[in-house]
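In: Sequence first, then the predicted structure, then my questions.
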Amino acid sequence: LRLPIGRFGPTANFKAAVQHMHSLRRAWDVSSLHFKSCQGMDLSALVGCTALRTLKLWNCLSVEDVSALAGCANLHTLHLTDCSNVTNVSALARCAELHTLNLRASGVTDVSALAGCAKLHTL
């Protein structure tokens, strides 16, 4: 699966490219995704990505709800850097393989729900 992100150029609005994320519902082998300054991003497209190990989001202000990631059973590394509208990460408690979680400049103030994540080493 190839997402048409490259054709939008480095300074373009990625909204159109992110709409193609729904193609990921058929891409069970996607293991790593990186997005920067995305608008209109909907993480529900990642529900079926059980092979997803790394997701890095930088300055994706439209992302508010990360509950769809609870179904990413192999999620190991999650960066929500500068995603200031993300305020609740309690759904990530179901990500048993979560090892690294970066919440720098996010809106999250309470991570107590993640206390049971035995493999979470870096927060």
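Out: That came in fine, so what should we check first?
In: Now do the helices in the chain.
Out: 15-19 (DSSP state H).
In: Would you map the strands across this protein?
Out: Taking DSSP state E, the strands of the chain run over residues 32-36, 54-58, 77-81, 100-102.
In: buried set for the shortest one?
Out: Of the residues in strand 100-102, those buried by neighbour count under the rule 16 or more other Cβ atoms under 10 Å are 101, 102. Backbone N, C-alpha and C define where each C-beta goes, glycine included.
In: One more: the third one?
Out: Along strand 77-81, the positions that meet the burial threshold by neighbour count (16+ other Cβ under 10 Å) are 77, 78, 79, 80.
In: Ok, the first one next?
Out: Of the residues in strand 32-36, those buried under the neighbour-count criterion (16+ other Cβ under 10 Å) are 33, 35.
In: Pick the one among the buried residues of strand 77-81 closest to residue 103.
Out: Nearest to residue 103 among the buried residues of strand 77-81, counting by Cβ to Cβ, is residue 80 at 5.6 Å.
In: Isn't that closest one up against residue 63?
Out: Yes: using Cβ atoms under 8 Å, residue 80 is in contact with residue 63, at 7.4 Å.
In: ok so, going back, now for the buried residues of strand 77-81, which pair is the farthest apart?
Out: 77 and 80, at 11.1 Å, using Cβ to Cβ across these.
In: picking that back up, find the residues that touch each one of residue 80 and residue 63.
Out: Common contact partners of residue 80 and residue 63 (Cβ atoms under 8 Å, 6 or more residues apart in numbering): 57, 86.
In: centroid residue for this structure?
Out: Using Cα atoms, centre = their mean, the residue of the chain that lies closest to the mean C-alpha position is residue 55, 4.7 Å off.
In: residues touching it, list them.
Out: Residue 55 touches 32, 33, 34, 46, 69, 72, 75, 77, 78, 79, counting by Cβ under 8 Å, 6+ apart.
In: coming back round to it: Serialize the buried residues of strand 77-81 to TSV and add fields for pLDDT and distance to residue 109.
Out: Shown next, in TSV, are these (pLDDT from 0 to 100; distance: Cβ to Cβ, whole Å):
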residue	pLDDT	distance to residue 109
77	97	22
78	98	17
79	97	18
80	97	13
